[in-house]
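**Student:** mind folding the following:
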Amino acid sequence: MNDLVLTAPVLEEARQQIENALIKAGVHTVLLIDDAGNVVANCGQDARRFDTTALAALAAANFGATSEIARLIGEDDFSLLFHKGKKDSIHFARVGPRLILVTIFGDEVALGLVRLRVSQLTKAIEKIFGLDS
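**Tutor:** Have a look, this model is predicted:
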(Lines give C-alpha, C1' and ligand atoms only; values in the text may rest on other atoms or scores of the structure.)
Protein backbone atom coordinates (compact mmCIF):
# COMPACT_ATOMS: atom_id res chain seq x y z
CA MET A 1 0.00 0.00 0.00
CA ASN A 2 1.36 3.45 -0.92
CA ASP A 3 2.08 6.06 1.73
CA LEU A 4 -0.13 9.12 1.91
CA VAL A 5 1.68 12.24 0.81
CA LEU A 6 0.53 15.18 2.90
CA THR A 7 1.40 18.60 1.55
CA ALA A 8 0.16 21.97 2.79
CA PRO A 9 -2.05 22.58 -0.29
CA VAL A 10 -3.61 19.09 -0.03
CA LEU A 11 -4.34 19.51 3.68
CA GLU A 12 -5.75 23.01 3.17
CA GLU A 13 -8.05 21.78 0.39
CA ALA A 14 -9.27 18.92 2.60
CA ARG A 15 -9.92 21.32 5.50
CA GLN A 16 -11.80 23.70 3.22
CA GLN A 17 -13.99 20.88 1.90
CA ILE A 18 -14.73 19.73 5.48
CA GLU A 19 -15.55 23.28 6.59
CA ASN A 20 -17.92 23.86 3.67
CA ALA A 21 -19.67 20.49 3.84
CA LEU A 22 -20.01 19.92 7.58
CA ILE A 23 -18.87 22.72 9.88
CA LYS A 24 -21.01 25.33 8.09
CA ALA A 25 -23.96 22.90 8.39
CA GLY A 26 -23.68 23.00 12.20
CA VAL A 27 -21.43 20.02 12.93
CA HIS A 28 -19.28 20.65 16.03
CA THR A 29 -16.08 18.82 15.15
CA VAL A 30 -14.63 16.80 12.29
CA LEU A 31 -11.42 14.80 12.43
CA LEU A 32 -9.84 13.22 9.40
CA ILE A 33 -7.61 10.44 10.71
CA ASP A 34 -5.58 7.63 9.23
CA ASP A 35 -6.26 4.00 10.06
CA ALA A 36 -3.48 4.05 12.68
CA GLY A 37 -5.23 6.82 14.63
CA ASN A 38 -3.10 9.79 13.59
CA VAL A 39 -4.90 13.11 13.10
CA VAL A 40 -4.57 14.30 9.50
CA ALA A 41 -6.97 17.27 9.76
CA ASN A 42 -8.95 18.75 12.64
CA CYS A 43 -11.84 21.13 11.97
CA GLY A 44 -14.36 22.91 14.16
CA GLN A 45 -14.21 24.97 17.31
CA ASP A 46 -15.46 22.22 19.61
CA ALA A 47 -12.32 20.11 19.19
CA ARG A 48 -10.55 22.13 21.86
CA ARG A 49 -12.75 20.68 24.60
CA PHE A 50 -11.32 17.15 24.39
CA ASP A 51 -8.14 15.24 23.64
CA THR A 52 -8.24 14.79 19.85
CA THR A 53 -5.16 12.55 19.88
CA ALA A 54 -6.85 10.06 22.21
CA LEU A 55 -10.13 10.36 20.30
CA ALA A 56 -8.38 9.62 16.99
CA ALA A 57 -6.59 6.57 18.42
CA LEU A 58 -9.79 5.19 19.96
CA ALA A 59 -11.83 5.93 16.81
CA ALA A 60 -9.33 4.03 14.64
CA ALA A 61 -9.34 1.11 17.07
CA ASN A 62 -13.16 1.15 17.15
CA PHE A 63 -13.33 1.15 13.37
CA GLY A 64 -10.73 -1.63 13.18
CA ALA A 65 -12.60 -3.81 15.68
CA THR A 66 -15.88 -3.27 13.85
CA SER A 67 -14.22 -4.18 10.55
CA GLU A 68 -13.18 -7.50 12.07
CA ILE A 69 -16.76 -8.06 13.29
CA ALA A 70 -17.93 -7.43 9.73
CA ARG A 71 -15.56 -10.07 8.42
CA LEU A 72 -16.77 -12.57 11.04
CA ILE A 73 -20.34 -12.25 9.78
CA GLY A 74 -19.31 -12.45 6.13
CA GLU A 75 -19.14 -8.76 5.20
CA ASP A 76 -16.08 -7.22 3.58
CA ASP A 77 -16.29 -4.17 5.83
CA PHE A 78 -18.73 -1.71 7.34
CA SER A 79 -18.22 1.61 5.57
CA LEU A 80 -19.71 3.67 8.40
CA LEU A 81 -20.44 3.56 12.12
CA PHE A 82 -22.77 5.71 14.19
CA HIS A 83 -23.14 6.19 17.96
CA LYS A 84 -25.91 8.32 19.49
CA GLY A 85 -25.49 9.97 22.87
CA LYS A 86 -27.79 12.10 25.00
CA LYS A 87 -26.39 15.39 23.67
CA ASP A 88 -23.92 14.50 20.95
CA SER A 89 -23.57 11.84 18.30
CA ILE A 90 -20.55 10.57 16.43
CA HIS A 91 -20.43 9.29 12.86
CA PHE A 92 -17.44 7.43 11.42
CA ALA A 93 -16.99 6.92 7.67
CA ARG A 94 -14.27 5.21 5.67
CA VAL A 95 -12.47 7.46 3.16
CA GLY A 96 -10.56 5.31 0.73
CA PRO A 97 -8.57 2.42 2.16
CA ARG A 98 -6.54 4.42 4.71
CA LEU A 99 -8.58 7.32 6.11
CA ILE A 100 -11.54 7.70 8.47
CA LEU A 101 -13.76 10.76 8.79
CA VAL A 102 -14.99 11.29 12.37
CA THR A 103 -17.94 13.69 12.66
CA ILE A 104 -19.30 14.89 16.02
CA PHE A 105 -22.63 16.71 16.04
CA GLY A 106 -25.54 17.61 18.32
CA ASP A 107 -29.29 17.10 18.04
CA GLU A 108 -29.63 20.33 16.05
CA VAL A 109 -28.11 18.60 13.01
CA ALA A 110 -30.06 15.76 11.40
CA LEU A 111 -28.33 12.41 10.92
CA GLY A 112 -29.65 12.30 7.36
CA LEU A 113 -27.92 15.58 6.54
CA VAL A 114 -24.66 14.33 8.06
CA ARG A 115 -24.85 11.07 6.09
CA LEU A 116 -25.56 12.90 2.83
CA ARG A 117 -22.79 15.46 3.32
CA VAL A 118 -20.29 12.83 4.48
CA SER A 119 -21.07 10.69 1.43
CA GLN A 120 -20.36 13.63 -0.86
CA LEU A 121 -17.34 14.72 1.16
CA THR A 122 -15.66 11.32 1.16
CA LYS A 123 -15.63 11.35 -2.64
CA ALA A 124 -14.07 14.83 -2.65
CA ILE A 125 -11.42 13.87 -0.09
CA GLU A 126 -10.57 10.69 -1.98
CA LYS A 127 -9.98 12.83 -5.05
CA ILE A 128 -7.86 15.38 -3.14
CA PHE A 129 -5.61 12.63 -1.72
CA GLY A 130 -5.53 10.68 -4.98
CA LEU A 131 -7.38 7.70 -3.45
CA ASP A 132 -10.07 7.61 -6.14
CA SER A 133 -8.11 5.65 -8.73
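
**Student:** give me the sheet partners of the lowest-mean-pLDDT helix or strand in the chain and which way each runs.
**Tutor:** Least confident helix or strand, the chain: strand 80-84 with a mean of 89, by mean pLDDT, DSSP states H and E. As defined by DSSP bridges, the strand partners of strand 80-84 come to strand 88-95 (antiparallel).

**Student:** now the partner strand: buried residues?
**Tutor:** Under the neighbour-count criterion of 16 or more other Cβ atoms under 10 Å, strand 88-95 has Ser89, Ile90, His91, Phe92, Ala93, Arg94, Val95 buried. Backbone N, C-alpha and C define where each C-beta goes, glycine included.

**Student:** I'd assumed Leu99 was in contact with the fifth one.
**Tutor:** The one in question is Ala93. No: counting by Cβ atoms under 8 Å, Ala93 stays clear of Leu99, with 9.3 Å between them.

**Student:** how about the least confident helix or strand of the chain: buried residues?
**Tutor:** By neighbour count on 16+ other Cβ under 10 Å, the buried set for strand 80-84 is Leu80, Leu81.
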